[in-house]
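Undergrad: what would the 3D arrangement of this be:
(2 chains)
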There are 2 protein chains.
Amino acid sequence: MVAPVLNARDLEFMLYELFDAEAMTQRPRYADHSRETFNAAMETARTVAEKYFLPIRQKVDTNEPTFDGQNVHMLPEIKTAVQAVIESGLSCPTADYELGGMQLPRIAANATGAFLSAAGGTMMGYTGLTNANCNLIEAHGTPEQIEKWVTPMREGRFAGTMAMTEPSAGSGLADLTTSATAHGDGTYRVAGNKIFISGGDHELNENIVHLVLARVKGAPKGVKGISLFIVPKFLVNDDGSLGARNDVWLAGLFHKMGGRGQTSCAMSFGEKDGAVAYLVGEENQGLRYMFHMMNEARVMVGTAAAVTAMTGYQYSLDYARERPQGRLASCKDPQSPPVNIIQHPDVRRMLLAQKAYAEGAYALCLLGAQLSDDERTAPTEEERQKAHLLLDFLTPIIKSWPSEYGPRANSLAIQVLGGHGYINEHPVEMFYRDNRLNPIHEGTYGVQSLDLLARKVPMGGMAGYQACLAEMEKTINEASTDAAVAGFAKELTEAIQTLKSTTEVLLGAMAEKNIDLALANSVKYLELFGNVVVAWIWLKQGIVASKALAGNPHEDDQKFYKGKLQALKYFYRFELPEINVWSKILCDLDDTTYEMQEEWF
Amino acid sequence: MVAPVLNARDLEFMLYELFDAEAMTQRPRYADHSRETFNAAMETARTVAEKYFLPIRQKVDTNEPTFDGQNVHMLPEIKTAVQAVIESGLSCPTADYELGGMQLPRIAANATGAFLSAAGGTMMGYTGLTNANCNLIEAHGTPEQIEKWVTPMREGRFAGTMAMTEPSAGSGLADLTTSATAHGDGTYRVAGNKIFISGGDHELNENIVHLVLARVKGAPKGVKGISLFIVPKFLVNDDGSLGARNDVWLAGLFHKMGGRGQTSCAMSFGEKDGAVAYLVGEENQGLRYMFHMMNEARVMVGTAAAVTAMTGYQYSLDYARERPQGRLASCKDPQSPPVNIIQHPDVRRMLLAQKAYAEGAYALCLLGAQLSDDERTAPTEEERQKAHLLLDFLTPIIKSWPSEYGPRANSLAIQVLGGHGYINEHPVEMFYRDNRLNPIHEGTYGVQSLDLLARKVPMGGMAGYQACLAEMEKTINEASTDAAVAGFAKELTEAIQTLKSTTEVLLGAMAEKNIDLALANSVKYLELFGNVVVAWIWLKQGIVASKALAGNPHEDDQKFYKGKLQALKYFYRFELPEINVWSKILCDLDDTTYEMQEEWF
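TA: Below is the predicted model:
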């Protein structure tokens, strides 16, 4: 059995039918593109995924990178595969043509990357983070910095990282202690330790460009005293050739439960005479710049979680179609042959749940990518601002919902395979391990929930919140005229009412009462809002499917669209009603966790 | 940081305050026991756990057993640890004194085993399965079989397994094809392949006694034609010495995501001239006998899941108490020191949820152990029958609820540690992997749900169901007179009402309509019933805690009991209300999964 990496028909549906990615080609930046060029990029990605990543996926999982105190050793096949991505142009698909990019809109690039991410897992983290690092320097660096660092990264010669977390600070960035000292020549010297640096060291590229958060001597305490620096592994001479080794060292590799395609590093900066560092932008503005990369990374995390769920779903679906076992309860004849397990309603439940989680999550991520295109290239400034607002608002949900439901989908994939899902003859247990990182990195689930409730909802007089609700209303209005989905529109309307009344209670409590108590159940708010948003995304998919079915399409397409409608129904029957439980906890300002005392545990 | 393996105070609470295990010592079989002997056994277990298992736990996880085509190789420390269990008498703690046992009641034995299971994980599977194998042969074998096989197993010289699953049948036991042929001398020759045989081969013991399901030539098709055989690795001479190697071979080891302390084997029986086999009981009654062991194994699985959740909870609790990070939302002063993360309400939520899941699950398993004692040793036949009925009824829930919520608890333990939870410097990621097997083996989650709804509920004119409800009513009556818990009693009453009305709808549908549709959402019924049962278990704990608090106990005990009440509250606020969502799906006879078509995926 060779399960497809992803369902290409479904990606096509999302790109062209759900989000109309072709409309991007009307914009000047994408004028050279067409549905054909998008498809060609996806086909290339699929080919690279199947040729270079799929065959080594399990070997990479069982052969962690090692560190001999000097160098990192990893399977040479990883370098070959990463090089194939770079040579195919897929390492920086959204970058300008003149910088070596394909100038693809992000929505098309995301679908392209999905094949690579599904087959390559965290091996794609090397180029993904490099790309995000480039985007940050392009946005906030000087032309010289762009020339010196971005160009070789775009060419695939250098790699890039993001170095934030410290051993004693973790999510509490306010407490980071890595120091930066002005050297008098415009450069700085950075010293400190960072942990969990993805791709922090390896031999895949000539050089590694770290973007490091540090505190300039004398800077204010807390998050307002953090600056951002470019700190390369090797210095670079003015002619672009590599110079001296910088004072940046790998202290050790972490042994992760999954995601073993990418090194996770403890890094030591400046343990000798200080690591040469170049300030990005202005001092003390570092966190703001870093969030340029961080927000992109958050959408990447959501996407990785969704894609891992999609590929696990495909795998378990293929298995269920081919594995005979047992009989239906209605069959009392032991002489009858066993049925394929997909015939069992409970297996269908597990597949349908995976479909609803995975395709709902991924469509949400594509919406994020589209908003990211729109904030840059939509025709009017108003549209650009609105897209920016919506993306900013939705980012904690785009990061979190797939990260929570992706691992659930992968757990169901294991369950479909039964005992066979628990052993490494099949990749589903690897997906389960890989995906468990996603609710943790780039801001944990709890951090995202506080970002949503305490920052994003009140932001700008609730502008993002209102904009999000207005988008949902539009979809509801559209659905209300179609009998096939009008019932779901009504249910979504009720769900939004629940969301609104819950939000009102919480904002009132935040303003008037104990803020710690008001935020105590923020995770439940994130879950509530997330389920409403994904219900909306599913209604959007349902509208498209219903319209398409009305056009009496080809038989295969009929089946495809019916599957979409069934997943929509599943989501509204089995998942959406959970919000009522969470809303009650929130509206009661439930104090159970808040009043629990340390000594009572 | 050295987190305790388990919270000894909590085990004491469950054993003596919640379930009054001391009362067992009034029964003749346990007359030599006392609270002191129970505690001594627990203390021994804790010592063995800490001395032999804890230090090797991670090493065992990262050094899977290997097979060279002839023999299995595993870390020698495993043999040392297993021998320490045997020598301490804890390998068969419930067995008769004359058979080398400690004649402990099962409830005390379970708490004793909890320490070993928490520290040793699946390494405890070798002696656990051996014990269950002995119990089966003692119940259904001949005196000669007991003498020949049980005695050396009780002495720790032999090990035992359970060999059911076949490559092409999986959960569909009706289709198993392993054959048995009468040899004319009272013995049989067995031939066939089995997979996922835990402890199927290893060098820890002199001999391995397989209990093998096979089909005697000419037997009826389906489950009515299955017989049970003793098939040893080595034949045994009349004087008890080892004889010839039997035709039983290890075909390969599976590479599991977790639980690497125990081999999981593909076994080949009779590939040469047939494996010598001894019939247990009568032909074609094998499945019934096997369920003696299977039911015991199901309670073992639930226990392992609960215990793994408890130890993960302890570990993350210790971590949260010692790890400073961030500040509360109410604190705006970046100069203030970071708080320990246990101060964050969301971390308390994750700890409280773990406590509610783990201690709820384990108390449920102890109830199962107590019922298992009662069905054997309760003073009157009526009590014994009632206990048998209740245990039989509750077994799918005792197996499944801990298996579902245990991994959830372990996922939360990872989340409390954040990035540190995802790397193998801490054991929580191992617990997460280990625990994921539990919803699969000894009957999957879906299989349990069908067992509950289609078999256990209607069984004997709903006798088990009614008995279970009657027990819950008793607790509710008791709680209703105590103001501290009366509110929860009221909520449980409503929950039971929901359970009853849902059950009525489903039984009606099963009788009148499409049985496949009526059973399509059986998993939701299992979840509903499970949450009601665990809510009941928590109410029982709350009653005890409330009474104890009224007695104005020592300060440490006050805190402990307040923690119990808070976990009770957590369960009723955050978990129990979910049943309303599931009840609606069930009462609607929701056809979403049932009507989904294979081609629509």
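Undergrad: quick one, strands of chain A?
TA: Along chain A, counting by DSSP state E, strands occupy A:66-67, A:72-73, A:158-163, A:179-182, A:188-198, A:207-216, A:227-232, A:234-236, A:242-245, A:248-253, A:264-269, A:275-279.
Undergrad: any idea which of those gets closest to chain B?
TA: strand A:188-198 (4.7 Å; CB to the nearest CB). Heads up, the C-betas are built off the backbone N, CA and C, glycines and all.
Undergrad: which pLDDT does the model give the residue in the stretch 51-200 of chain A that chain B sits nearest to?
TA: With CB to the nearest CB, the shortest gap between the stretch 51-200 of chain A and chain B falls at A:Gly172, namely 4.0 Å. For A:Gly172, the pLDDT comes out at 77.
Undergrad: re earlier: ok, which of the strands of chain A comes nearest B:Leu279?
TA: strand A:66-67 (53.5 Å; CB to CB).
Undergrad: and for the closest one, what are the contacting residues?
TA: The contact list for strand A:66-67 (CB atoms under 8 Å, 6 or more residues apart in numbering or on different chains) reads A:72-74, A:201, A:250, A:252-253.
Undergrad: farthest-separated two in the residues you listed?
TA: Across the contacts of strand A:66-67 (CB to CB), the longest gap, 15.0 Å, separates A:Met74 and A:Gly252.
Undergrad: more neighbours, those two?
TA: Shown here are A:Met74 and A:Gly252; by other CB atoms under 10 Å in any protein chain shown, A:Met74 has more neighbours (22 against 15).
Undergrad: mind pulling up the pLDDT for that one?
TA: So, for A:Met74, pLDDT stands at 95.
Undergrad: what is the neighbour count of the closest residue to A:Leu90 other than its chain neighbours?
TA: Distances taken as CB to CB, 6 or more residues apart in numbering or on different chains place A:Ala45 nearest to A:Leu90, at 5.6 Å, with adjacent residues excluded. For A:Ala45, the neighbour count with other CB under 10 Å is 26.
Undergrad: chain B versus A:Thr444, what's the distance?
TA: 6 Å (CB to the nearest CB, to the nearest Å).
Undergrad: isn't that residue up against B:Gly418?
TA: Yes - between A:Thr444 and B:Gly418 there is a contact under CB atoms under 8 Å: 5.9 Å.
Undergrad: joint contacts of the two?
TA: A:Ser171.
Undergrad: just the helices in the stretch 251-400 of chain A please.
TA: With DSSP state H, counting those that start in this stretch, the ranges of helices along the stretch 251-400 of chain A come out as A:286-322, A:345-377, A:381-417.
Undergrad: next, the buried residues of the second one.
TA: Taking 16 or more other CB atoms under 10 Å in any protein chain shown as the basis for neighbour counts, the residues of helix A:345-377 that come out buried are A:345-375, A:377.
Undergrad: which residue is the nearest non-sequential neighbour of A:Gly464?
TA: Nearest residue to A:Gly464 in three dimensions, chain neighbours excluded: A:Phe393, at 3.0 Å (CB to CB, 6+ apart).
Undergrad: and for the one you found, the neighbour number?
TA: With other CB under 10 Å as criterion, A:Phe393 counts 25.
Undergrad: how about the contacts made by the residue of the stretch 301-450 of chain A found nearest chain B?
TA: Of all residues in the stretch 301-450 of chain A, A:Pro334 sits closest to chain B, at 2.8 Å by CB to the nearest CB. By CB under 8 Å, 6+ apart, the contact set of A:Pro334 is A:327, B:174, B:220-224.
Undergrad: rerun at 6 Å
TA: B:174, B:221-222 (CB atoms under 6 Å, 6 or more residues apart in numbering or on different chains).
Undergrad: how's chain A carved up into domains?
TA: A:8-137, A:158-285, A:458-601 (automatic domain parsing).
Undergrad: is it possible to get TSV of the ones you listed that adds distance to B:Gly120?
TA: Shown next, in TSV, are the domains of chain A (distance: least, CB to CB, whole Å):
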stretch	distance to B:Gly120
domain A:8-137	25
domain A:158-285	20
domain A:458-601	25
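Undergrad: what about A:Ala378, distance to A:Asn295?
TA: 18 Å (CB to CB, to the nearest Å).
Undergrad: swap in A:Glu64?
TA: Distance from A:Glu64 to A:Asn295, by CB to CB: 30 Å.
Undergrad: can you check A:Pro577 too?
TA: Going from A:Pro577 to A:Asn295 by CB to CB gives 31 Å.
Undergrad: I figured A:Pro49 hits A:Ser117, correct?
TA: Heads up, residue A:49 is Ala, not Pro. No - using CB atoms under 6 Å as the test, A:Ala49 is too far from A:Ser117 to be in contact (8.6 Å).
Undergrad: follow-up on the earlier one: out of the helices of the stretch 251-400 of chain A, nearest to B:Asp318?
TA: Nearest to B:Asp318, of the helices of the stretch 251-400 of chain A and by CB to CB, is helix A:381-417 at 24.7 Å.
Undergrad: avg pLDDT for the closest one?
TA: 98.
Undergrad: just give the number of residues close to A:Thr308.
TA: There are 31 residues near A:Thr308, going by other CB under 10 Å.
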